[in-house]
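**Student:** have a look; sequence and predicted model below, questions after that.
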Amino acid sequence: MLMRTDPFRELDRLTQQLMGTTGTWSKPSVMPMDAYREGDTYVIAFDLPGVSSDAIDIDVERNQLTVKAERRPTAKGENVQMELSERPLGVFSRQIVLADTLDTENIEADYDAGVLTLRIPIAERAKPRKITIGGASERQQITG
């Protein structure tokens, strides 16, 4: 059996009873993420510890990316008596609006050690390119 010392535990319990939110949390907080550019790829990493890969759903509609994940209870059976439950259970969801400069047709997804990593290539039309200016006597190059 686990014992914890928390002076605010009773206050939290009373608040949950008054607000009608006793039991497991049905609406856990959003999943934390990092987003960064790595060369010609935009990378988004979501922390999803305790979620199996078959409980993750990734959808892209136009330029809106939606990631849903469900963390299910690990303790199952009739003889299980929960002593302490602090890990939120339920469905996590996160929506991100992607820039038009990203190639949403070629998103790659990997899931390893509780981290979902999405790699989204930068669209060819958004990459810098050189434009040649033609003239009668000489040509100059500028970056566009």
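**Tutor:** That came through, no problem.
**Student:** ramachandran coordinates for the residue nearest the centre of the chain?
**Tutor:** A centroid search over the chain (C-alpha atoms, centre = their mean) returns Phe46, at 3.7 Å, as the residue closest to the centre. Per-residue torsions, Phe46: phi -110, psi 130 (degrees, to the nearest 10).
**Student:** so who does it touch?
**Tutor:** Phe46 is in contact with Met31, Pro32, Met33, Val67, Ala69, Arg94, Val115, Leu116, Thr117, Leu118, counting by C-beta atoms under 8 Å, 6 or more residues apart in numbering. C-beta here means a position set from N, CA and C on the backbone, and glycine is covered the same way.
**Student:** again, but for Arg72
**Tutor:** Arg72 neighbours (C-beta under 8 Å, 6+ apart): Ala55, Leu89.
**Student:** all helices of the chain, in order?
**Tutor:** Per DSSP state H, the chain carries helices over the ranges 9-19.
**Student:** low-confidence stretches in it?
**Tutor:** 1-14, 16-17, 19-30, 136-144 (pLDDT under 70).
**Student:** the same query, at a cut-off of 50, please.
**Tutor:** Residue ranges of the chain with pLDDT under 50: 1-3, 22-28, 139.
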